[in-house]
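# Make a model of this:
(chains A, B and C)
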Amino acid sequence: MSRYSSSSTASFLRLKKGLCLIMGRSPCCEKDHTNKGAWTKEEDDRLIAYIRAHGEGCWRSLPKAAGLLRCGKSCRLRWINYLRPDLKRGNFTEEEDELIIKLHSFLGNKWSLIAGRLPGRTDNEIKNYWNTHIRRKLLSRGIDPATHRPLNEASQDVTTLSFSEAKEEKEKLSNPNGFIKKEEKKIPVQERCPDLNLDLKISPPYHQTTQPEPLKTEGRTLCFICSLGVKNSKDCTCSSSSGYDFLGLNSGLLDYRSLEMK
DNA sequence: AAGACCTTCAACCGCACGCCA
DNA sequence: TTGGCGTGCGGTTGAAGGTCT
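Numbering: from 1, shown residues only, chains lettered A, B, ... in the order given. Predicted structure coming up:
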(Lines give C-alpha, C1' and ligand atoms only; values in the text may rest on other atoms or scores of the structure.)
Protein backbone atom coordinates (compact mmCIF):
# COMPACT_ATOMS: atom_id res chain seq x y z
CA MET A 1 0.00 0.00 0.00
CA SER A 2 1.19 3.44 -0.75
CA ARG A 3 -1.25 5.71 1.05
CA TYR A 4 1.41 7.59 2.92
CA SER A 5 2.60 10.84 1.54
CA SER A 6 5.81 10.64 3.49
CA SER A 7 7.81 8.21 5.52
CA SER A 8 7.33 10.33 8.63
CA THR A 9 3.58 9.91 8.36
CA ALA A 10 4.10 6.20 8.00
CA SER A 11 6.28 6.03 11.09
CA PHE A 12 3.77 8.12 13.00
CA LEU A 13 0.99 5.72 12.08
CA ARG A 14 3.13 2.73 12.99
CA LEU A 15 3.86 4.35 16.35
CA LYS A 16 0.17 5.10 16.85
CA LYS A 17 -0.72 1.51 16.02
CA GLY A 18 1.93 0.23 18.40
CA LEU A 19 0.58 2.44 21.16
CA CYS A 20 -2.92 1.18 20.50
CA LEU A 21 -1.74 -2.36 20.98
CA ILE A 22 0.22 -1.50 24.12
CA MET A 23 -2.78 0.36 25.53
CA GLY A 24 -4.93 -2.71 25.16
CA ARG A 25 -6.82 -2.32 21.95
CA SER A 26 -8.06 -5.76 21.05
CA PRO A 27 -7.30 -7.13 17.61
CA CYS A 28 -10.21 -7.46 15.20
CA CYS A 29 -10.21 -11.20 15.81
CA GLU A 30 -8.23 -13.97 17.41
CA LYS A 31 -6.30 -15.16 14.41
CA ASP A 32 -5.28 -18.41 16.05
CA HIS A 33 -8.85 -19.59 16.36
CA THR A 34 -10.38 -18.44 13.10
CA ASN A 35 -10.81 -20.16 9.77
CA LYS A 36 -9.45 -18.47 6.69
CA GLY A 37 -9.91 -18.96 3.00
CA ALA A 38 -12.94 -20.18 1.13
CA TRP A 39 -16.22 -20.47 2.99
CA THR A 40 -17.92 -23.85 3.31
CA LYS A 41 -21.60 -24.49 2.69
CA GLU A 42 -22.09 -25.06 6.43
CA GLU A 43 -20.52 -21.72 7.29
CA ASP A 44 -22.69 -19.97 4.72
CA ASP A 45 -25.80 -21.62 6.10
CA ARG A 46 -24.93 -20.63 9.65
CA LEU A 47 -24.31 -17.03 8.65
CA ILE A 48 -27.51 -16.78 6.62
CA ALA A 49 -29.56 -18.35 9.41
CA TYR A 50 -28.10 -16.03 12.02
CA ILE A 51 -28.66 -12.87 9.98
CA ARG A 52 -32.20 -13.93 9.10
CA ALA A 53 -32.93 -14.36 12.78
CA HIS A 54 -31.09 -11.38 14.21
CA GLY A 55 -30.44 -9.02 11.33
CA GLU A 56 -27.17 -7.40 10.27
CA GLY A 57 -24.87 -5.47 12.55
CA CYS A 58 -22.42 -5.99 15.40
CA TRP A 59 -20.12 -7.97 13.15
CA ARG A 60 -17.52 -8.30 15.84
CA SER A 61 -19.70 -10.41 18.08
CA LEU A 62 -21.59 -12.14 15.29
CA PRO A 63 -19.15 -15.02 14.64
CA LYS A 64 -19.26 -16.17 18.25
CA ALA A 65 -23.03 -15.76 18.47
CA ALA A 66 -23.52 -17.62 15.20
CA GLY A 67 -21.05 -20.35 16.11
CA LEU A 68 -18.64 -19.45 13.34
CA LEU A 69 -14.87 -19.68 13.59
CA ARG A 70 -14.48 -16.60 11.46
CA CYS A 71 -13.44 -13.02 12.00
CA GLY A 72 -16.29 -10.49 12.03
CA LYS A 73 -14.90 -8.69 9.03
CA SER A 74 -14.84 -11.92 7.11
CA CYS A 75 -18.51 -12.56 7.97
CA ARG A 76 -19.49 -9.06 6.90
CA LEU A 77 -17.64 -9.40 3.61
CA ARG A 78 -19.11 -12.80 2.90
CA TRP A 79 -22.63 -11.53 3.56
CA ILE A 80 -22.29 -8.27 1.65
CA ASN A 81 -20.46 -9.67 -1.36
CA TYR A 82 -21.99 -13.08 -1.72
CA LEU A 83 -24.87 -14.12 0.50
CA ARG A 84 -27.19 -11.11 0.55
CA PRO A 85 -30.48 -12.06 -1.09
CA ASP A 86 -30.76 -8.85 -3.12
CA LEU A 87 -27.54 -9.45 -5.04
CA LYS A 88 -27.78 -9.56 -8.80
CA ARG A 89 -25.74 -12.49 -10.04
CA GLY A 90 -24.55 -12.92 -13.58
CA ASN A 91 -22.85 -10.85 -16.23
CA PHE A 92 -22.82 -7.08 -16.35
CA THR A 93 -25.01 -5.57 -19.04
CA GLU A 94 -23.77 -3.09 -21.62
CA GLU A 95 -25.74 -0.36 -19.79
CA GLU A 96 -24.05 -1.24 -16.52
CA ASP A 97 -20.66 -1.14 -18.25
CA GLU A 98 -21.27 2.34 -19.56
CA LEU A 99 -22.64 3.56 -16.24
CA ILE A 100 -19.59 2.25 -14.41
CA ILE A 101 -17.31 4.01 -16.88
CA LYS A 102 -19.21 7.29 -16.47
CA LEU A 103 -19.26 7.04 -12.70
CA HIS A 104 -15.59 6.13 -12.56
CA SER A 105 -14.67 9.11 -14.68
CA PHE A 106 -16.21 11.39 -12.03
CA LEU A 107 -15.65 9.45 -8.84
CA GLY A 108 -12.42 7.59 -9.50
CA ASN A 109 -11.86 4.42 -7.50
CA LYS A 110 -14.74 5.11 -5.12
CA TRP A 111 -16.12 1.64 -5.64
CA SER A 112 -18.67 1.83 -2.86
CA LEU A 113 -20.17 5.02 -4.30
CA ILE A 114 -20.25 3.46 -7.74
CA ALA A 115 -21.84 0.32 -6.31
CA GLY A 116 -24.50 2.47 -4.68
CA ARG A 117 -25.63 3.43 -8.15
CA LEU A 118 -25.83 -0.13 -9.43
CA PRO A 119 -28.61 -2.09 -7.72
CA GLY A 120 -27.59 -5.61 -6.81
CA ARG A 121 -23.89 -5.04 -7.42
CA THR A 122 -21.20 -4.81 -4.76
CA ASP A 123 -18.14 -2.63 -4.58
CA ASN A 124 -15.89 -5.68 -4.67
CA GLU A 125 -17.65 -7.04 -7.72
CA ILE A 126 -17.40 -3.74 -9.56
CA LYS A 127 -13.77 -3.30 -8.60
CA ASN A 128 -12.93 -6.77 -9.93
CA TYR A 129 -15.00 -6.21 -13.05
CA TRP A 130 -13.26 -2.92 -13.66
CA ASN A 131 -9.82 -4.45 -13.36
CA THR A 132 -10.59 -7.47 -15.51
CA HIS A 133 -12.96 -6.18 -18.20
CA ILE A 134 -13.54 -2.47 -18.34
CA ARG A 135 -9.89 -1.47 -18.15
CA ARG A 136 -9.24 -3.62 -21.19
CA LYS A 137 -12.34 -2.32 -22.93
CA LEU A 138 -11.21 1.29 -22.47
CA LEU A 139 -7.69 0.48 -23.61
CA SER A 140 -9.09 -1.12 -26.74
CA ARG A 141 -10.98 2.13 -27.37
CA GLY A 142 -7.71 4.00 -26.97
CA ILE A 143 -8.77 5.52 -23.67
CA ASP A 144 -6.60 5.63 -20.58
CA PRO A 145 -8.69 3.94 -17.83
CA ALA A 146 -7.02 6.02 -15.13
CA THR A 147 -7.65 9.43 -16.64
CA HIS A 148 -10.45 8.67 -19.13
CA ARG A 149 -8.49 10.61 -21.70
CA PRO A 150 -7.38 9.36 -25.09
CA LEU A 151 -4.11 7.50 -24.75
CA ASN A 152 -2.26 9.57 -27.32
CA GLU A 153 -3.57 12.81 -25.79
CA ALA A 154 -2.45 11.67 -22.35
CA SER A 155 1.02 11.01 -23.67
CA GLN A 156 1.19 14.54 -25.04
CA ASP A 157 0.39 16.70 -22.05
CA VAL A 158 0.63 14.40 -19.06
CA THR A 159 3.95 13.75 -17.43
CA THR A 160 3.69 10.08 -16.53
CA LEU A 161 6.27 8.41 -14.39
CA SER A 162 5.72 4.69 -13.79
CA PHE A 163 7.90 1.70 -13.05
CA SER A 164 5.15 -0.84 -13.66
CA GLU A 165 4.26 0.58 -17.04
CA ALA A 166 7.91 0.78 -17.98
CA LYS A 167 8.03 -3.01 -18.04
CA GLU A 168 5.00 -3.11 -20.31
CA GLU A 169 6.55 -0.46 -22.53
CA LYS A 170 9.69 -2.55 -22.78
CA GLU A 171 7.60 -5.54 -23.91
CA LYS A 172 5.78 -3.40 -26.44
CA LEU A 173 8.96 -2.00 -27.86
CA SER A 174 10.58 -5.42 -28.08
CA ASN A 175 7.58 -6.74 -29.99
CA PRO A 176 8.20 -6.09 -33.68
CA ASN A 177 4.63 -6.64 -34.97
CA GLY A 178 3.12 -4.08 -32.63
CA PHE A 179 0.96 -6.41 -30.55
CA ILE A 180 1.10 -7.03 -26.83
CA LYS A 181 1.51 -10.68 -25.84
CA LYS A 182 -1.16 -11.16 -23.14
CA GLU A 183 -4.27 -9.12 -22.36
CA GLU A 184 -4.43 -6.83 -25.37
CA LYS A 185 -3.26 -9.53 -27.75
CA LYS A 186 -5.07 -8.30 -30.81
CA ILE A 187 -4.94 -4.62 -30.06
CA PRO A 188 -2.52 -2.60 -32.16
CA VAL A 189 -0.11 -0.72 -29.97
CA GLN A 190 0.78 2.84 -30.67
CA GLU A 191 4.46 3.53 -30.70
CA ARG A 192 5.42 5.82 -27.86
CA CYS A 193 8.70 7.22 -26.77
CA PRO A 194 10.16 5.14 -23.94
CA ASP A 195 9.74 7.58 -21.05
CA LEU A 196 10.74 7.26 -17.43
CA ASN A 197 7.68 5.95 -15.63
CA LEU A 198 7.35 6.39 -11.87
CA ASP A 199 3.55 6.15 -11.58
CA LEU A 200 3.42 9.85 -10.80
CA LYS A 201 1.05 11.75 -13.00
CA ILE A 202 0.99 15.51 -13.23
CA SER A 203 -1.81 16.87 -15.32
CA PRO A 204 -4.55 19.48 -15.33
CA PRO A 205 -7.94 18.18 -14.23
CA TYR A 206 -9.81 16.47 -17.00
CA HIS A 207 -13.25 17.72 -17.98
CA GLN A 208 -15.37 15.53 -20.15
CA THR A 209 -16.41 17.44 -23.24
CA THR A 210 -19.55 15.47 -23.95
CA GLN A 211 -21.98 15.57 -21.07
CA PRO A 212 -23.95 12.42 -20.28
CA GLU A 213 -27.73 12.47 -20.52
CA PRO A 214 -29.36 14.49 -17.73
CA LEU A 215 -31.30 12.55 -15.12
CA LYS A 216 -34.91 13.54 -14.63
CA THR A 217 -36.48 13.37 -11.23
CA GLU A 218 -39.96 14.46 -10.21
CA GLY A 219 -40.29 17.12 -12.80
CA ARG A 220 -36.81 18.48 -12.18
CA THR A 221 -33.85 17.89 -14.43
CA LEU A 222 -30.67 16.86 -12.72
CA CYS A 223 -27.44 16.78 -14.62
CA PHE A 224 -25.11 13.83 -14.20
CA ILE A 225 -22.63 15.87 -12.16
CA CYS A 226 -25.25 17.01 -9.65
CA SER A 227 -26.74 13.56 -9.36
CA LEU A 228 -23.31 12.44 -8.21
CA GLY A 229 -23.35 15.04 -5.50
CA VAL A 230 -20.67 17.29 -6.93
CA LYS A 231 -21.44 20.73 -5.57
CA ASN A 232 -21.22 23.93 -7.62
CA SER A 233 -19.34 22.20 -10.39
CA LYS A 234 -18.59 24.20 -13.47
CA ASP A 235 -19.56 21.10 -15.39
CA CYS A 236 -23.07 21.33 -13.97
CA THR A 237 -25.72 21.62 -16.65
CA CYS A 238 -28.68 21.60 -14.29
CA SER A 239 -31.59 23.88 -15.03
CA SER A 240 -31.76 24.82 -11.34
CA SER A 241 -28.87 26.02 -9.26
CA SER A 242 -30.30 24.33 -6.17
CA GLY A 243 -29.78 20.97 -7.75
CA TYR A 244 -27.37 19.77 -5.14
CA ASP A 245 -28.51 16.32 -4.19
CA PHE A 246 -25.71 14.30 -2.80
CA LEU A 247 -25.93 10.79 -4.25
CA GLY A 248 -29.59 11.29 -4.94
CA LEU A 249 -30.58 11.45 -1.29
CA ASN A 250 -33.22 14.07 -1.97
CA SER A 251 -34.31 12.83 -5.33
CA GLY A 252 -34.62 9.23 -4.26
CA LEU A 253 -32.27 8.23 -7.04
CA LEU A 254 -29.91 6.60 -4.63
CA ASP A 255 -30.12 2.86 -4.58
CA TYR A 256 -31.82 1.79 -1.39
CA ARG A 257 -28.94 -0.52 -0.54
CA SER A 258 -26.58 2.33 0.02
CA LEU A 259 -28.90 3.68 2.69
CA GLU A 260 -29.38 0.31 4.21
CA MET A 261 -25.76 -0.71 4.19
CA LYS A 262 -23.86 2.46 4.93
C1' DA B 1 -0.99 -35.05 -22.58
C1' DA B 2 1.28 -32.04 -19.71
C1' DG B 3 3.30 -28.14 -18.04
C1' DA B 4 3.46 -23.12 -18.35
C1' DC B 5 1.10 -19.17 -18.41
C1' DC B 6 -3.01 -16.24 -17.91
C1' DT B 7 -7.46 -14.69 -16.04
C1' DT B 8 -10.88 -14.29 -12.72
C1' DC B 9 -12.75 -13.22 -8.41
C1' DA B 10 -13.44 -14.40 -3.45
C1' DA B 11 -11.18 -13.23 0.43
C1' DC B 12 -7.74 -10.92 3.13
C1' DC B 13 -5.21 -6.92 5.01
C1' DG B 14 -4.46 -2.60 6.89
C1' DC B 15 -5.89 2.04 7.24
C1' DA B 16 -9.56 5.69 7.73
C1' DC B 17 -13.38 7.43 9.91
C1' DG B 18 -17.30 8.19 12.88
C1' DC B 19 -19.34 7.28 17.23
C1' DC B 20 -19.32 7.18 22.03
C1' DA B 21 -17.79 7.02 26.80
C1' DT C 1 -10.60 16.40 24.16
C1' DT C 2 -8.99 11.90 23.88
C1' DG C 3 -8.77 7.20 22.94
C1' DG C 4 -11.12 2.70 22.17
C1' DC C 5 -14.17 0.37 19.27
C1' DG C 6 -16.86 -1.03 15.29
C1' DT C 7 -17.30 -0.73 10.66
C1' DG C 8 -16.36 0.61 5.87
C1' DC C 9 -13.24 1.09 2.13
C1' DG C 10 -9.74 0.28 -1.36
C1' DG C 11 -5.64 -2.25 -2.61
C1' DT C 12 -3.69 -6.71 -2.91
C1' DT C 13 -3.27 -11.68 -2.84
C1' DG C 14 -3.73 -16.36 -4.10
C1' DA C 15 -6.43 -20.44 -5.39
C1' DA C 16 -8.87 -22.34 -9.06
C1' DG C 17 -10.01 -22.89 -13.57
C1' DG C 18 -9.10 -21.87 -18.39
C1' DT C 19 -6.08 -21.36 -22.38
C1' DC C 20 -1.89 -21.78 -24.80
C1' DT C 21 2.30 -24.02 -26.39
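# what residues does the stretch 101-250 of chain A put near DNA strand C?
For the stretch 101-250 of chain A, the residues in contact with DNA strand C (C-beta under 7 Å from any atom of the strand) are A:109, A:110, A:111, A:112, A:113, A:123, A:124, A:127, A:128, A:131. (Each C-beta comes from the backbone N, C-alpha and C, glycine too.)
# which regions of the stretch 51-200 of chain A sit below the pLDDT cut-off?
Segments of the stretch 51-200 of chain A classed as low confidence (criterion: pLDDT under 70) are A:153-200.
# show me where it has helices.
Secondary structure of the stretch 51-200 of chain A by DSSP state H, counting those that start in this stretch: the helices cover A:62-66, A:72-78, A:94-107, A:111-116, A:123-129, A:135-140, A:151-157, A:163-174.
# Tell me how far residue A:101 lies from DNA strand C.
Distance from residue A:101 to DNA strand C, counting by C-beta to the nearest atom of the strand, to the nearest Å: 16 Å.
# Surely that residue is in contact with residue A:129?
No - counting by C-beta atoms under 8 Å, residue A:101 does not reach residue A:129; the two are 11.1 Å apart.
# what does the domain assignment say about chain A?
A:28-83, A:94-141, A:159-202, A:215-254 (automatic domain parsing).
# before we move on, the earlier item: possible to save the residues of the stretch 101-250 of chain A next to DNA strand C as JSON lines with neighbour count?
JSON lines is the format used below for these (neighbours: other C-beta atoms under 10 Å):
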{"residue": "A:109", "neighbour count": "12"}
{"residue": "A:110", "neighbour count": "14"}
{"residue": "A:111", "neighbour count": "22"}
{"residue": "A:112", "neighbour count": "16"}
{"residue": "A:113", "neighbour count": "19"}
{"residue": "A:123", "neighbour count": "19"}
{"residue": "A:124", "neighbour count": "15"}
{"residue": "A:127", "neighbour count": "15"}
{"residue": "A:128", "neighbour count": "13"}
{"residue": "A:131", "neighbour count": "11"}
